[in-house]
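Visitor: After the sequence you'll find the predicted model.
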Protein chains: 2
Amino acid sequence: MDVLEIIKGRRSVRSFSDKAIPKESLYAILEAGIWAPSGSNIQPWEFILVDDPGLIKKVKLVSPGLYGLPKALIVLCFNKKRSEKAGRIGPSLAVMDISMAAQNMMLMAYSLGIGSCPIASFNKIALKELLSIPEEVEPVLMVSLGYPSRWPEPPHRRPIEEVVHLNVYGQNLRR
Amino acid sequence: MDVLEIIKGRRSVRSFSDKAIPKESLYAILEAGIWAPSGSNIQPWEFILVDDPGLIKKVKLVSPGLYGLPKALIVLCFNKKRSEKAGRIGPSLAVMDISMAAQNMMLMAYSLGIGSCPIASFNKIALKELLSIPEEVEPVLMVSLGYPSRWPEPPHRRPIEEVVHLNVYGQNLRR
């Protein structure tokens, strides 16, 4: 598959089979994350891989955005002290860095036949308590992982012609 | 190249050659962007492709984070009215959606031999004026594009063992 096929084929998966994810696959997904770009190369991220089934169930209880029962979760956090190296804008840059890392992880997962879903809706305080996340570390996103029970159909996309402007806002793209 | 090679090979490029980017390549890069996930599939993004050399130079004057002279810029914005469909958290979700779209674009560019760099440091007010961006549209990131005059060496990465925790914060990953 070329990268556009992977980018277009990736789906947000919310229903998982019982098949276990090989450790090497989890490792490749984590590795994809650390190769995201980051503002000033600060790499403010800390990733918590949750593969304990009991803990996943507890996280699910405090995460309205988490559907299905994934085999693993990656909680993508940033370290506030590390992000502050970029000054006042550090935390907002860190959110972007982490989102790019999440996208890398989800593309990597898909290329291995593994489904994923980005999750922003969870109770941060409860999650921090469950995973012993210290005060200076801020969870931003979770990525759920598992083999899909089925691949969903692609949702509707706004076409490029609607989304893209040429040179100035409101000017259509020439094709 | 498999996707991990693309993810690991992508570099932030800040020095570009004079070679023009084929239209089909720009189109593929834009297409990669619209296939990012978005919260509630709202797709809050609007992308402005800037390929006018004079306009690129003007944007550069108000963008301290923009290095080199790229052949094109994509300004990734979100539409506030659209993002508000996701409620109060809409704008912060939109920043994540846009960051994922930017990562898709940069991976696509790299797979075509095109260099890119994400840029968050620019004067929003001046940029909005230059590109006639309306009040309700918020620029978040720019991606510069061009064939690199040379590919930079990969910057240091914090190793997985330092970045990843297993199940609870502070517990090492078993390999």
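Guide: Noted; the coordinates are in hand. Numbers count the residues shown, from 1 in each chain, chains lettered A, B, ... in the order given.

Visitor: going forward, measure contacts between C-alpha atoms and count neighbours the same way
Guide: OK.

Visitor: so, in contact with chain B or not, the helix or strand where residue A:141 lies?
Guide: Secondary structure from DSSP states H and E places residue A:141 in strand A:137-146. No: with CA under 8 Å from any CA of the partner chain as the criterion, chain B is not reached by strand A:137-146; the gap is at least 9.1 Å.

Visitor: Please name every helix or strand in contact with that strand.
Guide: Here strand A:137-146 touches strand A:72-79, helix A:90-111, strand A:115-119, going by 3 or more CA pairs under 8 Å, 6 or more residues apart in numbering or on different chains; DSSP states H and E.

Visitor: Let me know the average pLDDT across the longest one.
Guide: The one in question is helix A:90-111. Average pLDDT, helix A:90-111: 98.

Visitor: low pLDDT regions in chain A?
Guide: By pLDDT under 70, the low-scoring segments of chain A are A:175.

Visitor: Find the centremost residue of chain A, please.
Guide: With distances taken as CA atoms, centre = their mean, residue A:102 lies nearest the centre of chain A, 3.1 Å away.

Visitor: Roughly how far does that one sit from residue B:119?
Guide: Going from residue A:102 to residue B:119 by CA to CA, to the nearest Å gives 18 Å.

Visitor: Check residue A:141 too.
Guide: Per CA to CA, residue A:141 is found 22 Å from residue B:119.

Visitor: So for those two, which residue has more residues nearby?
Guide: Of the pair residue A:141 and residue B:119, residue A:141 is the one with more neighbours under other CA atoms under 10 Å in any protein chain shown, namely 23 against 20.

Visitor: residues touching the more buried one, list them.
Guide: Contact partners of residue A:141, counting by CA atoms under 8 Å, 6 or more residues apart in numbering or on different chains, are A:75-77, A:98-99, A:102, A:118-120.

Visitor: Is stretch A:44-55 positioned near chain B?
Guide: Yes: Stretch A:44-55 lies within reach of chain B by CA under 8 Å from any CA, at A:45-52, A:55.

Visitor: That should have said stretch A:104-119, apologies.
Guide: Yes: residues of stretch A:104-119 contacting chain B under CA under 8 Å from any CA: A:104, A:107-108, A:111, A:118.

Visitor: any chance of these in JSON lines, plus distance to residue A:147 and neighbour count?
Guide: Shown next, in JSON lines, are the residues of stretch A:104-119 next to chain B (distance: CA to CA, whole Å; neighbours: other CA atoms under 10 Å in any protein chain shown):
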{"residue": "A:104", "distance to residue A:147": "17", "neighbour count": "29"}
{"residue": "A:107", "distance to residue A:147": "14", "neighbour count": "29"}
{"residue": "A:108", "distance to residue A:147": "13", "neighbour count": "29"}
{"residue": "A:111", "distance to residue A:147": "12", "neighbour count": "22"}
{"residue": "A:118", "distance to residue A:147": "15", "neighbour count": "25"}
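
Visitor: biggest separation within these, which pair?
Guide: Maximum pairwise distance among the residues of stretch A:104-119 next to chain B (CA to CA): 16.3 Å, between A:111 and A:118.

Visitor: circling back: closest to chain B among the contacts of residue A:141?
Guide: The closest of those to chain B turns out to be residue A:99 (CA to the nearest CA; 5.4 Å).

Visitor: Check the gap between the closest one and residue A:33 for me.
Guide: For residue A:99, the distance to residue A:33 equals 10 Å [CA to CA].
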